[in-house]
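Q: got a structure for you, letters missing:
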């Protein structure tokens with residue numbers, strides 16, 4: 001995957017604007033309590049939004065977006081301050097005989113009390129009456145705490161596109177904390193190198209971010225019954241968070257991983273930190289193009305040499 005839905009600069013500007021709506025939430029604990037946020041992947045207002053979309057209930061959808069000032073939306077056709085933009089899009093989608101709408105939370109950001117940013121992959125399928133293929137929308141939603149409610153202040157989304165066939169297992173519930181904060185990468189690499197030296201393994205660095213669905217798919221493959229035994233027997237794995245493409249660039253250079261080719265992108269290290277191999281052409285950047293056999297072949301090829 002080449003880029004995130006939200007760039008860091010855009011996020012910062014949105015947070016500054018959204019802060020005006022969050023005056024009633026003065027602490028992180030108040031935000032958590034008011035939102036019903038019981039885990040990093042559970043956000044009760046999002047469930048209300050999904051139910052309204054599935055029902056094609058445009059008034060209910062409209063009530064979930066800020067009105068004064070109006071919620072802003074960015075679509076492939078540009079920016080809009082028309083508060084009916086998003087409710088109309090999703091209500092029209094529901095009219096196509098939707099049978100499935102699954103909003104997979106890839107990343108949760110809480111930049112300040114009263115503001116929550118969700119990065120989503122919204123998967124949809126239509127019933128027998130529709131000729132539409134299963135598809136998905138890539139989206140980001142900025143929710144703000146307004147009084148006793150949460151409303152969407154800003155959205156950015158793609159159009160609905162067909163879901164590509166995938167030979168790798170896709171996660172039902174992606175882990176939005178798969179990639180730890182970027183500043184932890186150095187320490188995690190050092191710890192993994194020590195463990196690898198002790199257990200005669202190598203280290204795999206997986207550069208990417210929680211916003212990257214392909215990163216989640218690769219991790220699901222790593223955990224599968226077909227691949228996990230080979231991985232666990234031969235490697236320590238470190239997920240290196242690149243932020244919005246602006247973090248840990250020094251590590252990418254050090255380990256010879258060209259991030260402009262997309263992520264996930266992998267480097268294999270010996271326990272002394274020497275680069276054994278690094279992907280140069282975005283080989284795993286699109287997990288729709290690879291299957292379990294490709295991942296296994298990679299792991300078998302670069303596993304440590306067993307001494308007699």
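A: Cool, the structure landed. Predicted, not measured: the structure shown is a model, and the values here were computed from it.
Q: Would you state the strands of this protein in chain order?
A: Using DSSP state E, the strands of the chain run over 72-75, 78-80, 98-112, 115-126, 135-146, 149-157, 161-162, 202-208, 235-241, 265-269, 275-278.
Q: Pipe these into JSON lines and attach mean neighbour count, distance to residue 256 and mean pLDDT per row.
A: Placement of C-beta: from N, CA and C, glycine included. Formatted as JSON lines, the strands of the chain follow (neighbours: other CB atoms under 10 Å; distance: least, CB to CB, whole Å; pLDDT from 0 to 100):
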{"stretch": "strand 72-75", "mean neighbour count": "20", "distance to residue 256": "35", "mean pLDDT": "93"}
{"stretch": "strand 78-80", "mean neighbour count": "11", "distance to residue 256": "38", "mean pLDDT": "92"}
{"stretch": "strand 98-112", "mean neighbour count": "18", "distance to residue 256": "27", "mean pLDDT": "92"}
{"stretch": "strand 115-126", "mean neighbour count": "22", "distance to residue 256": "28", "mean pLDDT": "93"}
{"stretch": "strand 135-146", "mean neighbour count": "22", "distance to residue 256": "29", "mean pLDDT": "93"}
{"stretch": "strand 149-157", "mean neighbour count": "21", "distance to residue 256": "32", "mean pLDDT": "94"}
{"stretch": "strand 161-162", "mean neighbour count": "10", "distance to residue 256": "33", "mean pLDDT": "92"}
{"stretch": "strand 202-208", "mean neighbour count": "25", "distance to residue 256": "11", "mean pLDDT": "98"}
{"stretch": "strand 235-241", "mean neighbour count": "22", "distance to residue 256": "13", "mean pLDDT": "98"}
{"stretch": "strand 265-269", "mean neighbour count": "24", "distance to residue 256": "7", "mean pLDDT": "98"}
{"stretch": "strand 275-278", "mean neighbour count": "15", "distance to residue 256": "4", "mean pLDDT": "98"}
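Q: and the lengthiest helix in the chain, which residues are buried?
A: Longest helix in the chain, counting residues (DSSP state H): helix 185-199. Within helix 185-199, the residues that count as buried by 16 or more other CB atoms under 10 Å are 185, 188, 189, 192, 193, 196.
Q: gap between stretch 68-81 and the chain center?
A: Computed by CA atoms, centre = their mean, to the nearest Å, the separation of stretch 68-81 from the middle of its chain amounts to 22 Å.
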